[in-house]
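Participant: the amino acid sequence is not available; the structure is as follows:
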């Protein structure tokens, strides 16, 4: 709340601990891995940025409106979403829209409330981006808000800020976007035959044709039939259609992985006739909530079977209560910062799938959680046993310095390091990608440094592990070579 | 278990960390806020202490018998409650009571077992109180027990130990007591028109007329009708009666807040006819346990609506399995250290209330928990989104140095600091209030110092935050001005 | 993954913290207790080792095949159990078995994958054992695997490696094995009248005659009848038979404790006629899963009643989902690293037992958990109140440096130190016992040192507590004198 601008300096030893002994070792580890390329195997950047090598718009459209971490904090303090220019359901985010506001006004509100982000990962990422990407030396505040805004906009139009230029500047070796099963991958196709083809890939996310609770499910299934020519009125034809889409994603989007954002981790392994009957109810909109849940569970098992066939790595992201805020959902739609984690159970939920496929060494399933209590109780013991299971990194609300540290502290002793898969940035905020990966690298080095200074592992071990956590394990886990 | 007395010295840097780097910064932060007035917005001190400016009784009656933290530990080690002079149900705590014991004997048992409190917050608060309030320089032990006892009793009778004198000495700017909905607030009325009126206020706690599982519920509703003249046989009249009592608490007790100690966080938003039918069953004693729970849930939503009307801040304290020990309850009654936390869910439970009122900026709901797993999974994400929600501090068993640190570590990254509300002492142990607030200040300074030395926030930010966590946010949250 | 052997040196200050202030105090505390005898009140060593004063077999049979911590990690990385020589169901672990593999080949696989154990307790225990028991100075790696193997085998045949010699070398004052209710305790009987009698004792584990979901339950009950001459067709006769077996275990195996490995902590207190009917259904194989669960719950209460009579200390180990991996179970049987923790609830589950016996000072129940969320939420509050409850140490997956630290951090403030019972190694890996106890001692000293350097307790207090946690409390809790 200080009115005068204060210095924005990212300390070289940031996030390395308060303890000088740990800082010393962490710094040495970090120096060994900080310049490794970024591998970003899971995220939500817009493929058109890469397909068209676009530049970004103004600071507000880039840094506030698409970032639900940012506007949820502002909203929690009583700032209306309307005043932040968040487009309402069905509106476009353009200046002619009914609820359009001047992006500079939004930026000023943001600056006035920037103090709210103290101690949060968003604050850290934003400071990093302002400092490292745009070169600011004063922290954002009301006094410099307008200058900040115009300077960012100025830089955004420069050739150095084209997406491809930023990919090189950020040293991103490969980035995966995420598309729904019905996507034509037009943007990814544009890159075919160019050097970008292997650097920008897609991920197959079939929730739209698997989650029968969606309003558009029946319609999506119809479209799935049209796209594939399969008879999607039958269970067999539906599965075949999904197989074809997976192949399409491999072929046209160089996909190496699938992603599944279910409310729970429930899996099922029903007899064929029950699958057929359940699918019939779902596709005709007659399934109850329980049946829709069971169908999602059955499909996780089916999709695991397909992964064994086609080699796509499976990512399961359960546990979000989506669109918890009814009014915000009605007015503004999905992804408005109102998804809230729920208690999540894995041990019983995954049993049917694991009983069928869990011992198959050709299957790779990466598990994520929003419920940290499962790290030591369920996920580490499961991943420390089943050949098919690996642990995804600390996710979403837990993608933060303390969250990442808890992930390592609570999983390593039971699952080891080699059942984990490196970092995911999981973001649509392209400019924050270097900062996010840098946080992960720093926190991993800190964790390793604590083990070294606590005399649990040697410095040589720690150096090798720092390499693995940053680069080696992620490439192996996601089949990048 | 050492027989000889040992020095009782509260180290000036206590609770600031083991790490010298952190200690250095924490001390600087603490020096800036340690002398701020105490604001105690939630607690259970006896209003008659303030109304009558009483002195306290002997050391045993003051420090052992009313403190369930203390006697639960003694009881857990096999010391009968009887031998501690805990009055049985219906008995008065007076020397003529059947199970009365000599308070000096109780004090000696306490002294013999004082080693049990090593590493506990009770031990810390007691040592602080002995040292800072009574000036002892040796730790309590069997050898000095009698001397301690008499010296405390001597001091208690002095004018410096009148409640008002202690309020000044402790620098308590304002303290809130808690009274049931039927209370006449006689003690608070005594203070009207005196300078104490704004320093001693009440809190409206309507559990006695909301929780239909209580033996005295029907009787309480009758009394509610008598007090207000409302027709409490009808749902509408019942709600109106509660509205009147809220106004009474605002007028005669300067209440700014309400408090709700439900077993769970369940809320409901039923149609009017179901509310009427449910109330009718509850008030005639015909409701099942599930219906009683549903009624409590409906009432949280009703009470939130009333808060929007009258501006009282709502505090929700769910998750205690009350009176878990059947035999202790039967013999000794409530509040005997046998309340045990239970797993508590908020995301689904609060949905009905939040769907109705959660976006209303005129509503302030402060959430507490006894289930620490909800900090990062549910509470921080909820408070980091809904404008109406704020996070109460670490509560009850978690009101402790490590407990408070976990609260900050697990909520800050998602909710930030500004969705929290400062410290509550929540105590009936008046003499421990300075020690309790001091612990919170020290631990908050430690947490901030860790962020500073880990290069996550600046020292200037930390100083402002230390002020907010100690004083600014609590006054704002509870509408104290 | 480094190819060249690296130095194997157990740092004298290992596990004492990264913080030099803490290390200094921890070392002083550790020096005061490191030479105290090992008391091992709960474990799974083979009584025949002690009865016959055996030497161990080769390195593979000793260190890999029986240690599910070790082979679960290897298996999780895709190494087939078959290639590790894990005997299939019904096979003997002998060279003539169908799936037998050369133990040296297994050892080489182990050495090639030894890097997987970095940062895990298994890695720590193994390094400790190699260094401190066998005197190796290079860490195990592919290059030295064969040399390691033969050197271990050489030492194992020496007189210094007889079980009794190791008992003395390891300074084990007393060790408890665990036997099923039908065991004849032949090995323990061999020790009667020798000085070993008081150093090697059994524990009564009646799951085989209490858990009606076992395939062999009916058969076990029959055998129970034969052994005791009781009419086990009746509830009364069944209880009487169990009473007799408890006496047998006290008499012939010097048992001081019982152990109960139920899926949940459920207890029940049914009327006599319901007990009789439930038992009748269980014993005739007609009980549903729910009835089997209820029966286990009723039996915990019955067994608590028996403990009050005969003084055996009760240990409850709930929360493992046993044999989660169906295929591994079918091929390899139980205890193959596929037991996974589940969410566990204690507050409601234990209420029936506690309502009946919880206030009885003659009862001692030691509670364990695999669900760390219950430490602060349920277990510490329960043990900090009920005279009959004590907290067992961090168990199984949580028997690790960080796991033990979390146990202390999350239980001490509410339960204190004196409601805990020291360390359990819980192992069948005899050679790792010194390392395991040493870890517990180091981590406890670290925790105490943190309290000292954070100015929460004095150094003198910490010294006394270090003694209690290492030696005093365990002897008291398990009635060893």
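Facilitator: Right, received. Where do you want to start? Here the structure is a predicted model, which means the values were calculated and not measured.
Participant: quick check: which ranges of the stretch 51-200 of chain A have low pLDDT?
Facilitator: Under the criterion pLDDT under 70, the flagged ranges of the stretch 51-200 of chain A are A:92-99.
Participant: output the set of residues of it in proximity to chain B.
Facilitator: Taking Cβ under 8 Å from any Cβ of the partner chain, the part of the stretch 51-200 of chain A that reaches chain B is made up of A:72-73, A:75-78, A:115-121, A:124. To be clear about C-beta, it is placed using only N, CA and C from the backbone, and glycine gets the same treatment.
Participant: got CSV for those residues, with distance to residue A:479 and secondary structure too?
Facilitator: Below are those laid out as CSV (distance: Cβ to Cβ, whole Å; DSSP: H, G, I helix; E, B strand; the rest coil):
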residue, distance to residue A:479, secondary structure
A:72, 34, helix
A:73, 37, helix
A:75, 39, helix
A:76, 40, helix
A:77, 43, coil
A:78, 47, coil
A:115, 44, helix
A:116, 41, helix
A:117, 37, helix
A:118, 40, coil
A:119, 37, coil
A:120, 34, coil
A:121, 29, helix
A:124, 31, helix
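Participant: isn't residue A:110 right up against residue A:64?
Facilitator: Yes. Taking Cβ atoms under 8 Å as the contact criterion, residue A:110 and residue A:64 are neighbours in contact, 5.6 Å apart.
Participant: ok, for residue A:170, nearest residue in space, not its chain neighbours?
Facilitator: Across the structure, with Cβ to Cβ, 6 or more residues apart in numbering or on different chains as the measure, the residue nearest residue A:170 apart from its sequence neighbours is residue A:434 (4.9 Å).
Participant: from residue C:301, how far out is that neighbour?
Facilitator: Distance, residue A:434 to residue C:301, using Cβ to Cβ, to the nearest Å: 60 Å.
Participant: go on, residue A:43?
Facilitator: Using Cβ to Cβ, one obtains 54 Å as the distance from residue A:43 to residue C:301.
Participant: likewise for residue A:300?
Facilitator: Computed as Cβ to Cβ, the residue A:300 to residue C:301 distance reads 40 Å.
Participant: so which of those two has more stuff around it?
Facilitator: When neighbours are counted by other Cβ atoms under 10 Å in any protein chain shown, residue A:300 and residue C:301 differ, and residue A:300 comes out ahead with 25 against 20.
Participant: what helix or strand is the more buried one located in?
Facilitator: Assigned by DSSP states H and E, residue A:300 falls within helix A:289-310.
Participant: list the buried residues in that helix.
Facilitator: For helix A:289-310, a neighbour-count test (16 or more other Cβ atoms under 10 Å in any protein chain shown) marks A:291-308 as buried.
Participant: do stretch A:358-378 as well
Facilitator: Taking 16+ other Cβ under 10 Å as the neighbour-count basis, stretch A:358-378 is seen to contain the buried residues A:358-360, A:363-378.
Participant: closest to residue A:318 among the residues of the stretch 51-200 of chain A next to chain B?
Facilitator: Set against residue A:318, the nearest of those by Cβ to Cβ is residue A:72 (20.8 Å).
Participant: wait, isn't the closest one in contact with residue A:338?
Facilitator: Yes. Checked against Cβ under 8 Å, the pair residue A:72 and residue A:338 is within contact range at 7.4 Å.
Participant: and for these two, which residues touch both?
Facilitator: With contacts taken as Cβ atoms under 8 Å, 6 or more residues apart in numbering or on different chains, the residues that reach both residue A:72 and residue A:338 are residue B:385.
Participant: who has more neighbours out of the two?
Facilitator: Counted by other Cβ under 10 Å, residue A:72 and residue A:338 do not tie: residue A:338 has more neighbours, with 25 against 22.
Participant: and stretch A:273-280, what's buried?
Facilitator: Under the neighbour-count criterion of 16+ other Cβ under 10 Å, stretch A:273-280 has A:275, A:278-279 buried.
Participant: show the average pLDDT along that stretch.
Facilitator: In this model, stretch A:273-280 has a mean pLDDT of 98.
Participant: contacts for that stretch next, please.
Facilitator: With contacts defined as Cβ under 8 Å, 6+ apart, stretch A:273-280 is touched by A:234-235, A:238, A:270, A:287, A:291, A:294-295, A:298.
Participant: let me have those in CSV, adding pLDDT and distance to residue B:54 as columns.
Facilitator: Rendered in CSV, the data for the contacts of stretch A:273-280 read as follows (pLDDT from 0 to 100; distance: Cβ to Cβ, whole Å):
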residue, pLDDT, distance to residue B:54
A:234, 98, 82
A:235, 98, 78
A:238, 98, 77
A:270, 98, 71
A:287, 97, 67
A:291, 98, 65
A:294, 98, 64
A:295, 98, 67
A:298, 98, 69
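Participant: ok, the closest residue to residue A:478 other than its chain neighbours - contacts?
Facilitator: Closest residue in space to residue A:478, ignoring its immediate chain neighbours: residue A:41 at 4.2 Å, by Cβ to Cβ, 6+ apart. Contact partners of residue A:41, counting by Cβ under 8 Å, 6+ apart, are A:174, A:176, A:256-257, A:421-422, A:424, A:474, A:477-478, A:480.
Participant: distance-wise, check residue A:41 relative to chain C.
Facilitator: Note on residue A:41: its distance to chain C, by Cβ to the nearest Cβ, to the nearest Å, is 20 Å.
Participant: and that residue, what pLDDT?
Facilitator: The predicted local distance difference test score for residue A:41 is 98.
Participant: list phi and psi for it.
Facilitator: Its backbone dihedrals place residue A:41 at phi -90, psi 0, with angles given as degrees, to the nearest 10.
Participant: can you tell me how far it is from residue A:195?
Facilitator: 19 Å.
Participant: poorly predicted segments of the stretch 251-400 of chain A, please.
Facilitator: In the prediction, the stretch 251-400 of chain A carries no residues with pLDDT under 70.
Participant: so where do the helices sit in it?
Facilitator: A:272-283, A:289-310, A:326-332, A:351-357, A:374, A:380-383 (DSSP state H, counting those that start in this stretch).
Participant: format the ones you listed as a markdown table; extra columns: distance to residue A:318.
Facilitator: Listed next are the helices of the stretch 251-400 of chain A as a markdown table, based on distance: least, Cβ to Cβ, whole Å:
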| stretch | distance to residue A:318 |
| --- | --- |
| helix A:272-283 | 19 |
| helix A:289-310 | 9 |
| helix A:326-332 | 20 |
| helix A:351-357 | 12 |
| helix A:374 | 10 |
| helix A:380-383 | 13 |
